[in-house]
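Trainee: next come a sequence and a model predicted from it.
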Amino acid sequence: MSWSALERRIGRLPRQFYARPAAEVARELLGMALVHGRCAGRIVEVEAYTGLDDRAAHAWHGLTNRTRVLFGPPGHAYVYFIYGMYYCLNVVAEPEGRPGCVLVRALEPLAGLAEMYRRRPGARRVEDLASGPGKLTLAMGITRRHNGADLTAGPLEIRRFLAQPGFSIAVTPRIGIRHDADRPLRFLIRGSRFVSRQQRLC
DNA sequence: CAATAGATCATCT
DNA sequence: GATGATCTATTGC
């Protein structure tokens, strides 16, 4: 196999992967590997936020200091602080100027488990390490320093990995929002033990 | 099991 | 000054 063919199968996702509608990017991020330092996890749950037409999206109010990176080029991290305590990691989607994004909600830990347990003292089982948006940023050591980070170059990466087992995708409404709460924009790997909540189909 | 309270602060009204 | 894309511990059945 040529190097570029191998890259396409196991390499870091290129910017054009992200320059598509948020729901499409969300769906395709399932099964990819999020990597930071020695820690890595398989993405098993995501939510799409479609931008200006989505009352649940931060970008719904338009461009502010906080939402600036959402309006920037795709393939960057949007990390925000919530409930005075937790960080949430999003991936900026859509072409530049359109603020769609994907919230990464749960990971199946793959590597660096000892480090993850150290950062998540409350976790008793592997399933507790990164089964929620706030948990996974803790486990992976992601903070506001990563806001705006380029996922196609730099320490935080998303990679395709070889030997991806087949899986099917479940779709449900998004979790923890008030507005636009019925849109089917949450995507999970069906049957995964590592998702934030058991699936409610729609 | 399910339901609920409390922690705690950046952001925007 | 209110709110929020959460998590954990605790209470109650």
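Mentor: Structure received.
Trainee: for the rest of this, base every contact and every neighbour count on C-alpha atoms.
Mentor: Noted.
Trainee: so who does the residue positioned nearest the centre of chain A touch?
Mentor: By C-alpha atoms, centre = their mean, chain A has its centre lying nearest to A:Val104, at 2.3 Å. A:Val104 is in contact with A:Ile43, A:Glu45, A:Val46, A:Glu47, A:Cys88, A:Leu89, A:Asn90, A:Val91, A:Pro133, counting by C-alpha atoms under 8 Å, 6 or more residues apart in numbering.
Trainee: which two of the residues you listed have the greatest separation?
Mentor: Within the contacts of A:Val104, A:Ile43 and A:Cys88 form the most distant pair, 14.1 Å apart (C-alpha to C-alpha).
Trainee: hang on, the earlier thing: what are the bridge partners for the residue nearest to the centre of chain A, then?
Mentor: Beta bridges link A:Val104 to A:Val46 when assigned by DSSP bridges.
Trainee: and A:Val79, by the same measure?
Mentor: Bridge pairing for A:Val79 - DSSP bridges - gives A:Leu89.
Trainee: make JSON lines out of the contacts of A:Val104 and add neighbour count, pLDDT and distance to DNA strand B.
Mentor: Formatted as JSON lines, the contacts of A:Val104 follow (neighbours: other C-alpha atoms under 10 Å; pLDDT from 0 to 100; distance: C-alpha to the nearest atom of the strand, whole Å):
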{"residue": "A:Ile43", "neighbour count": "25", "pLDDT": "98", "distance to DNA strand B": "24"}
{"residue": "A:Glu45", "neighbour count": "32", "pLDDT": "98", "distance to DNA strand B": "20"}
{"residue": "A:Val46", "neighbour count": "29", "pLDDT": "98", "distance to DNA strand B": "21"}
{"residue": "A:Glu47", "neighbour count": "26", "pLDDT": "98", "distance to DNA strand B": "20"}
{"residue": "A:Cys88", "neighbour count": "23", "pLDDT": "98", "distance to DNA strand B": "12"}
{"residue": "A:Leu89", "neighbour count": "23", "pLDDT": "98", "distance to DNA strand B": "14"}
{"residue": "A:Asn90", "neighbour count": "25", "pLDDT": "98", "distance to DNA strand B": "14"}
{"residue": "A:Val91", "neighbour count": "28", "pLDDT": "98", "distance to DNA strand B": "17"}
{"residue": "A:Pro133", "neighbour count": "21", "pLDDT": "98", "distance to DNA strand B": "14"}
